[in-house]
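A.B. asks: mind folding the following:
(one chain, ligands or ions: 1)
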Amino acid sequence: MKGLVFDIRSFSVHDGPGIRTTVFLKGCPLQCSWCHNPESQRCMTETVRKVRKLGNEPFETTETLGSYLDASQVLSRFQADKPFFEESNGGITISGGEPLMQPAFSLFLLKASKEMGIHTAFDTSGYAGQEVFKNVAHAADLVLFDLKLADDMQHQHFTGQSNQVIKENLFGLRESGKRFFIRIPLIPEVTDTQYNLDGLYRIMEELGTLERIDLLPFHHLGKRKYERLGRSFDFEHTAPYERARSERIKAFFKPLANLVSIGG
Ligand code: SF4
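C.D. replies: This is a model prediction of the structure:
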């Protein structure tokens, strides 16, 4: 079985507990204006131009983003990294883009990893039909559930899609008893307004006490990726996120969870 993958990263410490190997699947139904992985959004390979140097001479070349990998290629990478998982209580994480865009491939990787005795995490926006979400995301040991905007109109405006099905999947996850962490991107004047923080607070309060909330402050690492793709980046001139601001939001959400962390 093949899947469209745009990256595999070993030694990740921000995609779930311990040391992890994260596979990033290409394709996402959302179009978040702040997305720091814009190369993950299209569910197809893309060719971008790249300037390299030979000595002092610049020359232009091309690079293909994304490749169709056989599941066995991904699993052998997991197998090679397994000693690090065992040392750190880590495992593998399936991320994106939105991995639920490739449900059969995601499910295959989750099941095969479990058979290999590896802990599995699944990083998702929650935007998928309820059956798909249940069959695939629930197959992981841990779900990393991204929550962005509480107001549906704002969600549609900034991500291109309604948050209705996301909320339904989140409450379904809670009812199932499956282990999950909430992840909230802190995007200046978008997700971090008091209006949105209050809305997210109400949603999470309804879920009951949470194990963990990860706050993911805005950064500029995606900026060059937009340049390479020839796309404009709405947040090009936005300043890096201030630590004090993250700390204030952390304190605000503190009553909701056993642990609120900054940076995942
Ligand atoms: S859900 Fe994630 S990957 Fe998809 S567009 Fe939004 S930030 Fe990017």
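A.B. asks: contact residues of the protein facing the ligand?
C.D. replies: Proximity of the chain to the ligand is confined to 28, 30, 31, 32, 35, 37, 40, 41, 96, 97, 98, 125 under the rule CB under 6 Å from any ligand atom. Every C-beta, even on glycine, is put in place using the N, C-alpha and C of the backbone.
A.B. asks: run a quick neighbour tally on residue 82.
C.D. replies: Using other CB atoms under 10 Å, residue 82 is surrounded by 17 other residues.
A.B. asks: leaving out sequence neighbours, find the closest residue to residue 144.
C.D. replies: Sequence neighbours aside, residue 123 is the residue nearest to residue 144 in space, at 4.2 Å (criterion: CB to CB, 6 or more residues apart in numbering).
A.B. asks: tell me the strands beside the host helix or strand of that neighbour, with direction?
C.D. replies: Taking DSSP states H and E as the criterion, residue 123 maps to strand 120-124. Partners of strand 120-124 in the sheet, by DSSP bridges, are strand 91-95 (parallel), strand 142-146 (parallel).
A.B. asks: contacting residues around the last one?
C.D. replies: When contacts are taken as CB atoms under 8 Å, 6 or more residues apart in numbering, the neighbours of strand 142-146 outside the stretch itself are 15-17, 93, 95, 119-126, 137, 170, 173, 178-185, 214.
A.B. asks: got a list of what the residue in the stretch 51-200 of the chain that the ligand sits nearest to touches?
C.D. replies: Here the residue of the stretch 51-200 of the chain nearest the ligand is residue 125; by CB to the nearest ligand atom that distance is 4.0 Å. Taking CB under 8 Å, 6+ apart, we find residue 125 in contact with 28, 29, 30, 98, 146, 148, 166.
A.B. asks: pLDDT below threshold where in the chain?
C.D. replies: Across the chain, nothing is flagged by pLDDT under 70.
A.B. asks: pretty sure residue 192 contacts residue 186?
C.D. replies: Yes - with contacts counted by CB atoms under 8 Å, residue 192 reaches residue 186, the gap being 4.9 Å.
A.B. asks: ok, residue 229 - contacts?
C.D. replies: Taking CB under 8 Å, 6+ apart as the test, what residue 229 contacts is 38, 39, 46, 48.
A.B. asks: out of those, which comes closest to residue 84?
C.D. replies: Nearest to residue 84 out of the contacts of residue 229 is residue 39 (CB to CB; 26.1 Å).
A.B. asks: residues near the residue nearest to that closest one when sequence neighbours are not counted, how many?
C.D. replies: Nearest non-adjacent residue to residue 39, counting by CB to CB, 6+ apart: residue 65, 4.7 Å away. Residues near residue 65, counting by other CB under 10 Å, number 19.
A.B. asks: and residue 65, what are its bridge partners?
C.D. replies: Applying DSSP bridges, one finds that residue 65 bridges with residue 46.
A.B. asks: on that earlier part again, most neighbours out of the residues of the chain next to the ligand, which is it?
C.D. replies: Result: residue 97 is most packed of the residues of the chain next to the ligand (other CB under 10 Å), 27 neighbours.
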